[in-house]
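*Asks:* Here's a sequence, model it:
(one chain, ligands or ions: 1)
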Amino acid sequence: MITLYDCSTAPSPRRARILLAEKGVAHETVQVDLKNSQQLGDAYRKINPLCTVPALCTDEGVVLTDNAAITAYLEARYPEPPLLGRTPNEKAEIASWNWRVEFEGLMAVAEALRNSAPAMSNRALPGPMDYPQIHELAQRGLRRLQQFFVTLNERLAGRDFVATDRFSVADITAVVAVDFARIVKIKPSDEHPHLQRWRAAMASRSSMSL
Ligand SMILES: N[C@@H](CCC(=O)N[C@@H](CS)C(=O)NCC(=O)O)C(=O)O
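*Replies:* Next up, the predicted model:
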């Protein structure tokens, strides 16, 4: 049985949860309590030495330790529906937008949150090493995030999906990034009508309530 190491409140494992649901893959879920630093304890370190969620244990017992590996594996093992594109051009466009959404969106929220939240003092980056916060990076993260909303809004003008004319992993990453931004009090507003329309349409997919 496939096992997802998850944390119901964290954005990165939400990407894997949505992907598994869209692919219709049966699996077990194990919650890792990030609030109480369970990811840094010996038991979880043995499963994922990177001390992050998500991790996915395949039914052959191989542990995949990040979304990149989990996505590549699930697409190869369960090709339908294709979420990384069918044609070479689609694959390229989806990879490009997925990367941009990760870098300009998810990373911007993480930069803003992790460099300011008192609970994350000395935990400015995930992983086994402690790093101190840099408060200027929190400010820069907020600016980057505002710009990301502008970029995504412009991209979605006249489009139903972020990357191609079909739902893809780029839409999953973008929903997770946009929703995660609420934690630093940034939400789509009337200045982002295309982004708002797309997010409302995404809500009709049952996977998005996970
Ligand atoms: N590259 C990883 C990033 C995973 C990641 O940063 N996960 C966060 C939760 S959203 C985590 O495990 N944090 C643990 C910590 O902050 O110590 C992926 O997307 O799979």
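*Asks:* I'd like the average pLDDT over the lengthiest helix in the chain.
*Replies:* Identified as the longest helix of the chain according to DSSP state H is helix 135-156. The average of the pLDDT scores along helix 135-156 is 98.
*Asks:* Could you check that helix and say which residues are buried?
*Replies:* Using 16 or more other CB atoms under 10 Å as the test for burial, helix 135-156 gives 137-138, 141-142, 144-145, 148-149, 152-153, 155-156. From N, CA and C alone the C-beta is placed, and that goes for glycine too.
*Asks:* what's next to that helix, contact-wise?
*Replies:* Identification of contacts with helix 135-156 by CB atoms under 8 Å, 6 or more residues apart in numbering yields 97, 100-101, 104-105, 107-113, 115-116, 124, 162, 174, 177-178, 181, 184, 186, 188, 191-195, 197-198.
*Asks:* Spell out which parts of this protein neighbour the ligand.
*Replies:* Counting by CB under 6 Å from any ligand atom, the chain comes close to the ligand at 10-12, 34, 39, 51-54, 66-67, 123, 126.
*Asks:* any idea how far the longest helix of the chain is from the chain center?
*Replies:* Remark: helix 135-156 is offset 16 Å from the chain centroid, using CA atoms, centre = their mean, to the nearest Å.
*Asks:* Tell me where this protein has helices.
*Replies:* 11-23, 42-47, 67-77, 88-100, 107-114, 135-156, 169-180, 193-202.
*Asks:* can you count the residues close to the residue nearest to His27 when sequence neighbours are not counted?
*Replies:* In space, and not counting its chain neighbours, His27 is closest to Ile2: 4.0 Å by CB to CB, 6 or more residues apart in numbering. By the measure other CB atoms under 10 Å, the count of residues near Ile2 is 18.
*Asks:* In this structure Ile2 contacts Thr29, no?
*Replies:* No: contact criterion CB atoms under 8 Å: Ile2 and Thr29 do not qualify, at 9.9 Å.
*Asks:* what's the overlap in contacts for the two?
*Replies:* Common neighbours of Ile2 and Thr29, counting by CB under 8 Å, 6+ apart, are absent.
*Asks:* rewinding a little: farthest-apart pair in the residues of the chain next to the ligand, please.
*Replies:* Asn67 and Arg123 (19.7 Å; CB to CB).
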